[in-house]
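Undergrad: pasting the sequence and the predicted coordinates here, then a few questions.
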Amino acid sequence: MPPIKGKVKGSQGGSTLKVSKARGQRTSVVGAKDDESVTEAGEAHGEEWMQAKTLIKPEDQLELSEEELKEEFTRILTANNPHAPQNIVRYNFKEGCFKQTSHVDQLAIHFSLDGNMIHKDSDEARRQKAKYGATEVASEQAISEAGGEGKEEGEGEGEKEEGEDGEKRDEDTTPAPGGSEAKLTNQFNFSERASQTYNNPYRERGSQTEPPPRANFSSTANQWEIYDAYMEDLEKQEKAKEKKAPTKKDDDKTRKKLTALETQSDDISRIGNASKIIERMVNQNTFDDVAQDFKYWEDVSDEYRDQEGTCLPLWKFTYDKAKRLAVTSLCTNPKYKDLFAVGHGSYDFMKQTRGMVLCYSMKNPSFPEFIYPTDSGVMCLDIHPEHPYLVAVGFYDGSVGVFNMTKQDTKPLYQSTAKTGKHTDPVWQVAWQKDDLDNNLNFFSVSSDGRVTSWTLVKNELTYTDVIQLKLDDVPQEGPEGTQLTPLGCGTCFDFHKQTDYLFLVGTEEGKIHKCSKAYSSQFLDTFDAHHMAVYSVQWNYFHPKIFISCSADWSVKIWDHTYKKGPMFTFDLGSSVGDVAWAPYSATVFAAVTADGKVHVFDLNINKYEPICEQAVVQKKKTKLCHIAFNPSHPIILVGDDRGYVTSLKLSPNLRKYPKDKKGNPLNQGPEFEIGKMDKLLALVREPPSTTEKN
């Protein structure tokens with residue numbers, strides 16, 4: 001139906017346009033000028049652009065000014081992924097804290113499809129060609145015929161364009177004249193294309209290191225200096241001849257060997273220090289992840305635990321020749337914080353063979369720094385606090401010895417014999433003490449024969465003095481022929497007071513702990529019925545002068561006040577035989593113990609008075625027992641030794657070494673008085689209040 005023309009009646013107030021079509025009506029009010037305007041609908045659809053258009057405004061449209069109309073609102077569309085996280089942090093080892101990463105991956109894959117096309121020259125293509133060749137040829141002919149009909153139907157310029165395209169297609173689809181190969185069903189037309197990408201500008205980086213130090217050296221060599229050098233060489237050869245007197249038969253051979261050994265030892269000694277440094281560098285690269293954990297790693301999960309902590313295994317120290325020997329003693333060097341000594345022996349008294357003293361450094365965990373093999377098993381050792389190169393050692397055969405780590409000789413510098421008063425039973429512990437009045441070095445030892453002995457280093461020999469004998473009963477027993485015998489207890493451990501020099505404790509195999517004095521050799525100052533089985537370790541607290549700790553084979557660890565005689569202050573049952581216990585050097589309320597089931601228990605009485613804040617299995621095999629434990633004096637590390645010859649280092653998490661803080665979070669003054677006050681508060685909670693009779 002043709003459109004119907006509409007009439008417009010205008011006035012100053014406005015004009016009304018009514019347009020009616022076959023299927024509906026539309027009425028709008030349009031503002032107009034003073035002159036009347038008439039809008040007519042087009043007669044044909046192709047002539048609409050020639051007619052004048054009139055804007056039709058809705059009644060509720062806002063009236064905006066020219067400035068408001070010209071105002072631009074900018075919207076930026078980016079390719080960023082709205083779901084990508086914007087707060088990813090990574091640990092920055094340079095600054096020692098977590099830093100937010102600026103680069104975030106914005107790529108989001110919505111669809112991925114793997115094709116299965118193969119190349120036409122491949123073996124699989126040839127097989128398909130041989131199998132489906134006939135059907136493909138027929139289909140290609142049908143396609144080409146359809147293409148020819150399409151060309152004839154075209155008109156005008158379209159026919160020319162389609163003709164050109166058809167010729168191109170025919171050229172692409174027609175095979176070479178020499179061959180009658182049919183195309184494969186999955187063959188694709190390959191067209192080579194090239195595009196040039198943007199070349200990123202090169203960035204040059206350079207770093208300038210500090211130049212190595214230089215020094216100008218000049219010297220003149222005269223005949224006298226050359227003569228002196230030859231004379232020194234002759235003296236070395238003469239000393240080598242004196243060391244080993246050759247026989248008449250092998251005179252010539254030994255001379256050649258000695259000169260060769262002398263020159264070889266000189267060469268090795270020259271590069272010894274450099275090779276040791278290179279070995280440590282190689283080990284640091286090999287165990288780089290462990291070194292990074294030792295220096296920077298802190299367990300972040302401690303923030304989400306209430307009070308518990310963890311132990312992170314670091315290096316594992318082992319020596320091939322000491323694998324079958326148990327770790328019988330551990331001692332850290334007081335001066336060189338990375339160095340510690342390990343004693344190897346055997347707790348199986350039916351299979352006693354050899355022993356070994358090894359000194360390891362945390363800078364080289366793969367091989368010990370010093371190796372001292374011994375004929376008898378090593379049961380204990382101690383490093384001198386002022387002379388860190390002297391190591392006192394107690395052996396299974398009852399003898400004691402002193403090694404000097406500055407000398408290359410593997411034999412002890414001093415060693416006791418049967419003539420010089422050695423013990424008749426294994427020596428369970430040795431400890432250095434202050435020099436005597438004549439400034440001679442001395443140390444103490446305790447043995448199963450019931451003797452506590454003081455050993456003094458005088459010139460080239462060891463002199464001994466029995467400090468006390470551990471008697472079991474005051475009343476002697478009758479022996480054969482009317483003799484009276486006094487039974488002696490078996491000493492297993494001892495420890496000297498940190499402030500009071502003359503006071504020391506001795507633990508026995510009978511489960512008792514004796515408080516003794518160097519001045520009284522005939523009687524004990526006090527005796528504690530501590531345990532039901534052998535006492536394996538006893539140790540004074542580093543801060544509080546009245547507190548000491550003990551552990552035993554009866555599965556218990558007990559904390560005592562030596563002035564309080566009614567019993568222990570704290571008792572902990574660890575569920576297995578406790579091999580060793582040690583106070584932490586940084587807190588008066590923290591201690592750690594190792595048990596025969598392969599676990600390490602760390603307690604902090606200031607946090608939890610009943611249970612350990614860390615209980616962690618260290619060994620891999622179930623039958624392996626932990627024997628000894630030691631704290632590093634400066635680093636948050638504990639060393640643990642087992643009965644298979646391995647020493648494992650563990651790093652304590654932040655919860656295991658908490659320092660007290662004030663309300664603002666700043667660390668408080670950590671002096672000895674503060675640590676003593678912490679322990680006194682705990683002791684006040686567990687001590688029994690004095691009775692009324694005692695007050696009166």
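TA: Sure thing, it's come through. Numbering: from 1, shown residues only.
Undergrad: hey, let's count contacts and neighbours off CA atoms from now on
TA: Will do.
Undergrad: which SS class is the nearest residue to residue 631 once chain neighbours are set aside?
TA: Spatially, and ignoring its direct neighbours in sequence, residue 631 is nearest to residue 638 (4.5 Å; CA to CA, 6 or more residues apart in numbering). Under the three-state scheme (DSSP: H, G, I helix; E, B strand; the rest coil), residue 638 adopts strand.
Undergrad: what's the neighbour count on residue 638?
TA: 21 (other CA atoms under 10 Å).
Undergrad: quick check: it touching residue 649?
TA: Yes. Residue 638 is within contact range of residue 649, at 5.8 Å (criterion: CA atoms under 8 Å).
Undergrad: residues touching the residue nearest to residue 631, list them.
TA: Contact analysis of residue 638 by CA atoms under 8 Å, 6 or more residues apart in numbering lists 629-632, 649-652.
Undergrad: would you mind measuring from it to residue 589?
TA: 16 Å (CA to CA, to the nearest Å).
Undergrad: and for residue 629?
TA: With CA to CA as the criterion, residue 629 and residue 589 are 17 Å apart.
Undergrad: what's the answer for residue 550, then?
TA: For residue 550, the distance to residue 589 (CA to CA) stands at 14 Å.
Undergrad: of those two, who's got more company?
TA: Per other CA under 10 Å, whichever of residue 550 and residue 589 has more neighbours is residue 550, with 25 against 22.
Undergrad: distance of residue 633 relative to residue 106?
TA: 50 Å.
Undergrad: please, which helix or strand holds the residue nearest the centre of the chain?
TA: Nearest to the mean C-alpha position of the chain, by CA atoms, centre = their mean, lies residue 293 at 3.1 Å. Per DSSP states H and E, residue 293 falls inside helix 288-296.
Undergrad: what pairs with the next helix or strand after that helix, parallel or antiparallel?
TA: Proceeding N to C from helix 288-296, the next assigned helix or strand is strand 311-317, under DSSP H and E. Its sheet considered, strand 311-317 pairs with strand 647-652 (antiparallel) by DSSP bridges.
Undergrad: run the chain-centre distance for the partner strand.
TA: With CA atoms, centre = their mean, to the nearest Å as the basis, strand 647-652 stands 10 Å off its chain's centre.
Undergrad: quick one: contacts of that strand?
TA: 294, 309-318, 327, 636-641.
Undergrad: swap in stretch 91-109?
TA: Looking at what lies outside stretch 91-109 - CA under 8 Å, 6+ apart - the contacts are 79-81, 84-90, 296.
Undergrad: what's the closest of those to residue 569?
TA: Residue 569 has its nearest neighbour among the contacts of stretch 91-109 in residue 296, at 37.6 Å by CA to CA.
Undergrad: ok, that closest one - contacts?
TA: Going by CA under 8 Å, 6+ apart, the list of residues near residue 296 reads 93, 96.
Undergrad: on the pLDDT front, check it for me.
TA: Per-residue pLDDT puts residue 296 at 81.
Undergrad: quick check: phi and psi on residue 505?
TA: phi -110, psi 150 (degrees, to the nearest 10).
Undergrad: try residue 563
TA: Dihedral angles (degrees, to the nearest 10) for residue 563: phi -100, psi -10.
Undergrad: run a quick neighbour tally on the nearest residue to it once chain neighbours are set aside.
TA: Distance criterion CA to CA, 6+ apart; nearest residue to residue 563, sequence neighbours excluded, is residue 546 at 6.9 Å. The tally of other residues near residue 546 (other CA under 10 Å) stands at 14.
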